[in-house]
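Student: need a 3D model of the following:
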Amino acid sequence: MLELIDVGKVYRGGKSAVSGVTLRLGPGILGLLGPNGAGKSSLMRICATVTRPTAGSLLFDGADAVRDPEPLRRALGYLPQDFGVHPHLNAREFLSYLAAAKGLSARSARGRIDELLETVNLTGAAKRALGTYSGGMLRRVGIAQSLLGDPRVLVVDEPTAGLDPEERVRFRNLLSDLAADRAVMLSTHIVSDIESVASDIALMTGGRLVRRGSPGELLHEVSGRVWELTVAPEHVTAVQARYVVSRMVRTDAGVRLRVLADAAPSADAEPVAAGLEDVYLAVVGSTGAAGSRPVPGVRELP
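Tutor: From the prediction side, this is the model:
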């Protein structure tokens, strides 16, 4: 459905945001995971035809979507990271305005808006001005607008930012239902949003795609390399200087650490099952910044 081939984006001043990304998206959910500043939002804007790539190709159903973006735009639902609204309009008015811009008839728009307001749990607040909404409520309006045209391709950038746990679960369940017959690209730095819904995961850092695979394939990468140990508080800094530490919990016995390492970091370290967060830290390092410490043995894409 949607294909990126060696896509790159360089902004004015020579700042490279995306470099050499090749991806194919078909029905299902591709989870794009990476730290802030990894290039995820720039890549999402390219997929949504908001930004033109400076290198590579974007194809929709085999046609050039950079030269002629309209077919993709008609089939697209897009939720950007920064979603603006008209504060004096209520949710129903705002969604009606956007539905008209998408070319929906007034009659079909009314039914679709009623359905979406219920889906995102905003029916009771539909007549309140958007300027009175909380950040989480505005995010739900954004989710609703991305689904107005029943899109074949759904691109959502940090969709659960500002949502409470119940709302995040509701949205993840909605994505799972939608992905049966459409391509969904979900960008986030929240690992739990990805591991519960995505069958295909891509990890980005420094503008490059550094790893892609199913959750099982990625977990296999760090199998046998995740350990837990308890150390005295004064030894925590020394462990952090040598290993990637993914979790710290203070206990009566000391500080319980979850550590990524090829071999047991101490005689009393216990091997534990790996999680997707361990994979994330193993690939992008503990800080997500250039120069962070990946765990030896975890492969990167060339």
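Student: so E158 touches T188, yeah?
Tutor: Yes. Contact status for E158 versus T188: in contact at 5.6 Å, counting by C-beta atoms under 8 Å. Just so you know, the C-beta spots here come from the backbone N, C-alpha and C atoms, and that holds for glycine as well.
Student: quick one: mean pLDDT for stretch 169-178?
Tutor: Taken as a whole, stretch 169-178 has a mean pLDDT of 84.
Student: who touches it?
Tutor: With contact meaning C-beta atoms under 8 Å, 6 or more residues apart in numbering, stretch 169-178 is reached by 29, 119-121, 143, 147, 154, 156, 159-160, 163, 184, 186, 193, 196-197.
Student: could you rerun that using 7 Å?
Tutor: Contacting residues not belonging to stretch 169-178 are listed as 29, 119, 121, 143, 154, 159-160, 163, 184, 186, 193, 196-197 [C-beta atoms under 7 Å, 6 or more residues apart in numbering].
Student: again, but for stretch 114-121
Tutor: Taking C-beta under 7 Å, 6+ apart as the criterion, the residues outside stretch 114-121 that touch it are 91, 123, 126, 140, 143-144, 147-148, 170, 174.
Student: among the contacts of stretch 169-178, name the buried ones.
Tutor: 29, 119, 143, 154, 159-160, 163, 184, 186, 193, 196-197 (16 or more other C-beta atoms under 10 Å).
Student: just the ones of the residues you listed in strands?
Tutor: Judged by DSSP state E, strands contain the following of those: 29, 154, 184, 186.
Student: the third one and I29 touch, don't they?
Tutor: Yes. The pair formed by V184 and I29 meets the contact definition of C-beta atoms under 7 Å, at 4.5 Å.
Student: number of nearby residues for the closest residue to G135 other than its chain neighbours?
Tutor: On the basis of C-beta to C-beta, 6 or more residues apart in numbering, the spatially nearest residue to G135 that is not a chain neighbour turns out to be G162, at 4.1 Å. Residues contacting G162 under the criterion other C-beta atoms under 10 Å number 16.
Student: do the same with the one 10 residues further on
Tutor: Residues lying near R172 (other C-beta under 10 Å) number 20.
Student: assumed it was part of a helix.
Tutor: Yes. With DSSP: H, G, I helix; E, B strand; the rest coil as the criterion, R172 is part of a helix.
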